[in-house]
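Trainee: sharing a model that was predicted from the sequence below.
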Amino acid sequence: MGGHGSADDGADGRQGRETVAALRELVDEGKIRYIGCSNFPAEHLTDAFMSVQARYHLLDRGVEEDLIPACLRDGVGLLPYYPLANGLLSGKYRRGEEPPPGSRLSWRQGWLTDAALDRVEALTAYGAERGLTLLQVAVGALARLGTDRIDLYQYHEPDGVTALIRLRDELNETIHLSVPDALHCMVVVDRVDCDHPVRTFHAIGDTSPLHATAAGNSVLAHLDKSEMDEVTAGTLEGYGEETITDPEELRAELRRVRERGYAVNHNQYLQGVCAIAAPVLDGEGTPLAAVAASLPDSRFEPRRLPGLGRLVAETAAEITARHLA
């Protein structure tokens, strides 16, 4: 995917139009497959683009005024970044309390304002009245806004059966789709449950660490080196005896994930919960999401891993292909 940056090209927009025209020619010639853009104003958006990345969360909904209508008009996918407002909508920040040590907003200035916390508290109260966490409100609101071109995970085939449901039916285990919130965490955005009386459960909006989960590792394994180094440079929190907390050991595991095409979590994050996950990628191989099959430890059998991993990876590859089609 070719990336085109912000369209700041003078009053007449000529430079931007010429750049887009040149990129479109490269697509027509088969030299690149798709064009994406970031922070692009709605008035410059055209159907030449496959996707546009824009800041979008419940504390900043400006794109709903013009960019989302333009995406719907031209069939362009919207990729929100900072969906949790740098973690402000994660539920961990409270008025009058210091940010948790090591958290993103412990060192970023200007986010924990009274006005922002007023809105966070209002959203928290709104969710509480409906039995929802702040995370569920924040993620659920974005996940239910647009069409299948805007929400990657909501695509449906003509018969109405999604790839996630088919994978659930084949494995009879809980299947979920998660997206990375920058390098902060993974966020569950969709889930289909199995019919076992004993099964795992991940609420929509739940977050989990990148380094200690199958979904997170499947994404980490496909990041570029600088981003991977950023994640492994800090302290890797341990959640149990099986959690990998040594950066070099984690890097070695991520190399194995890339080689076999899927990641495995055996009690590394939540005790008694295991998972196999594979990434959904864009045209450049950048991870957009992760498909995971989650199951209790009582049904985890190492001999089944190659078969389970293949099915999960095939489902992720299918969603990737649909996204790029």
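Mentor: Looks like it came in fine.
Trainee: now stretch 113-130, how far from the centre of its chain.
Mentor: Taking the mean C-alpha point of stretch 113-130 and that of its whole chain, the gap between them comes to 23 Å (Cα atoms, centre = their mean, to the nearest Å).
Trainee: hang on, I meant stretch 128-135
Mentor: Centre-to-centre, stretch 128-135 and its host chain are 21 Å apart (Cα atoms, centre = their mean).
Trainee: any buried residues in it, and which?
Mentor: Along stretch 128-135, these residues count as buried under the neighbour rule (16 or more other Cβ atoms under 10 Å): 132-135. C-beta here means a position set from N, CA and C on the backbone, and glycine is covered the same way.
Trainee: likewise stretch 22-37?
Mentor: In stretch 22-37, the ones that count as buried by 16+ other Cβ under 10 Å are 23-24, 32, 34-37.
Trainee: could you do stretch 201-208 as well?
Mentor: Buried, per 16+ other Cβ under 10 Å, within stretch 201-208: 202, 204-208.
Trainee: how about those, which pair is most distant?
Mentor: The largest distance within these, taken as Cβ to Cβ, falls between 204 and 208 and amounts to 13.0 Å.
Trainee: hang on, the earlier thing: need the buried residues of stretch 201-208 in JSON lines with secondary structure, can you?
Mentor: Compiled in JSON lines, the buried residues of stretch 201-208 are given as follows (DSSP: H, G, I helix; E, B strand; the rest coil):
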{"residue": "202", "secondary structure": "coil"}
{"residue": "204", "secondary structure": "coil"}
{"residue": "205", "secondary structure": "coil"}
{"residue": "206", "secondary structure": "coil"}
{"residue": "207", "secondary structure": "strand"}
{"residue": "208", "secondary structure": "strand"}
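Trainee: residues in contact with residue 139?
Mentor: Residue 139 makes contact with 83-84, 187-189, 204-205 under the criterion Cβ atoms under 8 Å, 6 or more residues apart in numbering.
Trainee: hang on, it in a helix?
Mentor: Yes: assessed with three-state DSSP, residue 139 lies in a helix.
Trainee: can you give me the neighbour number for residue 229?
Mentor: Other residues lying near residue 229 total 12 when counted by other Cβ atoms under 10 Å.
Trainee: contact partners of the helix or strand hosting it?
Mentor: Assigned by DSSP states H and E, residue 229 falls within helix 225-233. Around helix 225-233, the neighbours that count as contacts under Cβ under 8 Å, 6+ apart are 183, 210-211, 220, 223, 247, 250-251, 254.
Trainee: how near is residue 228 to residue 60?
Mentor: According to Cβ to Cβ, to the nearest Å, residue 228 stands 28 Å off from residue 60.
Trainee: for the residue lying closest to residue 291 once chain neighbours are set aside, phi and psi?
Mentor: If the residues on either side of it in the chain are set aside, residue 291 comes closest to residue 316, at 4.4 Å by Cβ to Cβ, 6 or more residues apart in numbering. Dihedral angles phi and psi of residue 316 (degrees, to the nearest 10) take the values phi -60, psi -40.
Trainee: do you know how far residue 316 is from residue 128?
Mentor: 35 Å.
Trainee: against residue 307, how distant is residue 264?
Mentor: Counting by Cβ to Cβ - residue 264 and residue 307 are separated by 13 Å.
Trainee: can I take it that residue 280 is in a strand?
Mentor: Yes: per three-state DSSP, residue 280 lies within a strand segment.
Trainee: for the record, mean pLDDT for stretch 317-325?
Mentor: Mean per-residue pLDDT for stretch 317-325: 78.
Trainee: sorry, that was for stretch 223-241
Mentor: For stretch 223-241, the per-residue pLDDT values average out at 86.
Trainee: now do the buried residues in stretch 313-323.
Mentor: The neighbour-count check on stretch 313-323 (16+ other Cβ under 10 Å) flags 313-320, 323 as buried.
Trainee: what's the local residue count around the residue lying closest to residue 262 once chain neighbours are set aside?
Mentor: Setting aside the residues directly before and after it, residue 262 is nearest to residue 309 in space (Cβ to Cβ, 6+ apart), at 3.8 Å. The tally of other residues near residue 309 (other Cβ under 10 Å) stands at 21.
Trainee: who's in contact with residue 309?
Mentor: When the contact criterion is Cβ under 8 Å, 6+ apart, the partners of residue 309 are 260-262, 264, 276, 278.
Trainee: name the element it belongs to?
Mentor: With secondary structure defined by DSSP H and E, residue 309 is part of helix 305-324.
Trainee: extract the CA atoms of that helix and return them as PDB.
Mentor: Output for helix 305-324, consisting of C-alpha atoms alone and laid out as PDB, is shown next (Å, rounded to 0.1, in the frame of the first residue of the first chain):
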ATOM      1  CA  LEU A 305      -1.500 -26.800  17.800                       C
ATOM      2  CA  PRO A 306      -0.300 -27.200  14.200                       C
ATOM      3  CA  GLY A 307      -3.900 -27.900  13.100                       C
ATOM      4  CA  LEU A 308      -5.400 -25.100  15.200                       C
ATOM      5  CA  GLY A 309      -2.700 -22.700  14.100                       C
ATOM      6  CA  ARG A 310      -3.300 -23.500  10.500                       C
ATOM      7  CA  LEU A 311      -7.100 -22.900  10.700                       C
ATOM      8  CA  VAL A 312      -6.600 -19.600  12.600                       C
ATOM      9  CA  ALA A 313      -3.900 -18.400  10.200                       C
ATOM     10  CA  GLU A 314      -6.100 -19.300   7.200                       C
ATOM     11  CA  THR A 315      -9.000 -17.300   8.700                       C
ATOM     12  CA  ALA A 316      -6.800 -14.300   9.300                       C
ATOM     13  CA  ALA A 317      -5.400 -14.600   5.700                       C
ATOM     14  CA  GLU A 318      -9.000 -14.700   4.400                       C
ATOM     15  CA  ILE A 319      -9.900 -11.500   6.100                       C
ATOM     16  CA  THR A 320      -6.700  -9.900   4.900                       C
ATOM     17  CA  ALA A 321      -7.500 -10.900   1.300                       C
ATOM     18  CA  ARG A 322     -11.100  -9.500   1.600                       C
ATOM     19  CA  HIS A 323      -9.700  -6.300   3.100                       C
ATOM     20  CA  LEU A 324      -7.300  -5.900   0.100                       C
END
